[in-house]
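Peer 1: my questions concern the predicted model and sequence given below.
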Amino acid sequence: MEPAVKESALESLRRGEPPLDREALEAITVGRQDGIWNFWQARYLEDYIADGGSKIKFFIGKPGSGKTHALLLMMEEARRLGYVTVYLDARQVRLNKFDSIYQAVFEEVDMQAVVAVYCGTVLERLGCQAGQISSGQGMGNDGHTANALRLEVQENLDTLYHNRKINNNFAMAFTQLCSDYLGLRYLHTEQRDILTGWLKGRSLPAKVLKPLRIFTKIDKYNARNMMASFLALLRLCGYRGLCLAVDNLNALLERGPLGRALYGKSARNEVYESLRQLVDDFAGFEGAFFVFAGRPELIQDEKTGFKSYEALWMRIQNEVAGLRPNKFADLFNQDSLIKEIFTVETCLELQERLNDFFALDSRLQREDLRCLVDTVSMFSPVRRVIEAIVGEYGAGGDRGGAI
């Protein structure tokens, strides 16, 4: 690894944040087999979601408990398994109604790449190559002329209109982009941008959509249907589905630099209602794994947290609680897992990993680590141990990190 990248990863840890570099992230991961992300991968992503199932999870834990670390590892594994992945930070995007969640997701999706992959699957199914179509010359594998082949490809693209899982307007916009990509029809740059923008949920006037045969806008009433259409399309492209992580959901309860709430009561309730509807409708999605992560205030604060919106709380609360953390629970508390697996031995392994990877010389003893693990604090013992090992423990207080 480049020294600059390694130093950047170490600085992230000193700020109380996980490193974004994959190699660094995996090098300092301990308790891999017991981690919640590993469980989600084995029990959901590898088969249930890949087979068309869907699941929504709520992930709670103290600052520095490893929530973001787990989400980033989950994203890496999901990409490896063939999922489209999207990571969102609730402090940086507005969530409000579901159409705002839809827009935030699609701003991170490379729609041109999805178009290219889908066109590739269509051509492969027909046994031809893009050059045979765009050149206007040559023969298809079955002896058809290029013009006949172009017609056959277009007819194959048009089958999206008859797919009951895909909204007709969604199919119309996507198919036109595919036809343009393959050279079957020509779109001006402005038209291409309009179609892509519409798919991403941007607000566009009807006068620019009508010539492209788009007769609706994506809003809070149809955004879930459009998301379901996208999920169905991903599976037609050969992807296993969509893995979405929304981190720092506790932003709903926080205040900005000027002391104003980031979300007022009305806006916060809009988010909760949107999540409630998402929970109720999630069975209609195929190949979707969504995780919303945040701090314990989301379940502890009865005035502004989940409990303040009874319709949502009734759907996600764990009615049965055991002595050991239930990894199947839709509302999972990372702190309960840390309490079980983050032992002094784990701390020693973590110290060794950090020393080896970053060439540190930390020599914390068992009693030092035991004190960090056992002492009650607003921060997770994971963060406290890491800060001690990298030489920053007790030197800066809360840096607002999200390990």
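Peer 2: Looks like it arrived, so ask away. Keep in mind that what you see is a predicted model, and the values were worked out from it rather than measured.
Peer 1: now do the same end-to-end measure for stretch 97-113.
Peer 2: Terminal residues of stretch 97-113 lie 27 Å apart, using C-alpha to C-alpha, to the nearest Å.
Peer 1: can you pull the poorly scored residue ranges out of this structure?
Peer 2: Within the chain, the stretches falling below the threshold (pLDDT under 70) are 130-145, 319-323, 392-403.
Peer 1: so it: which segments form each domain?
Peer 2: Under the assignment named as automatic domain parsing, the residue ranges that make up the domains of the chain are 1-21+342-395, 31-108+224-340, 111-199.
Peer 1: off-centre distance for the last one?
Peer 2: Averaged C-alpha coordinates place domain 111-199 at 28 Å from its chain's average position (C-alpha atoms, centre = their mean, to the nearest Å).
Peer 1: equivalent analysis for stretch 60-67, please.
Peer 2: Taking C-alpha atoms, centre = their mean, one finds stretch 60-67 lying 17 Å from the centre of the chain it belongs to.
Peer 1: contacts for it next, please.
Peer 2: Outside of stretch 60-67, the residues within contact range by C-beta atoms under 8 Å, 6 or more residues apart in numbering are 16, 18, 35, 59, 247, 293-296, 298-299, 331-335, 338, 378-380, 382-384, 386, 398, 401-403. In short, each C-beta sits where N, CA and C put it, glycine included.
Peer 1: and the buried ones among these, selectable in ChimeraX?
Peer 2: Here is the ChimeraX selection string for the buried members of those, based on 16 or more other C-beta atoms under 10 Å:
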select :16,18,35,59,247,293,294,295,296,298,299,331,332,333,334,335,338,379,380,382,383,384,386,401,402,403
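Peer 1: and stretch 110-126, what's buried?
Peer 2: Neighbour-count burial for stretch 110-126, with 16+ other C-beta under 10 Å as criterion, is recorded at 111, 114, 115, 116, 117, 118, 119, 122, 123, 126.
Peer 1: which of the residues you listed sits closest to residue 205?
Peer 2: Of all those, the one sitting nearest residue 205 is residue 111; the distance, using C-beta to C-beta, is 20.4 Å.
Peer 1: show me the contacts for the closest one.
Peer 2: With contact taken as C-beta under 8 Å, 6+ apart, residue 111 is in contact with 177, 196, 199, 200.
Peer 1: repeat for residue 286
Peer 2: Residues in contact with residue 286 (C-beta under 8 Å, 6+ apart) are 52, 53, 54, 165, 228, 231, 232, 235, 241.
Peer 1: farthest pair within these?
Peer 2: The span of those, defined through C-beta to C-beta, is set by 53 and 165 at 14.8 Å.
Peer 1: I am finished for the moment; much appreciated.
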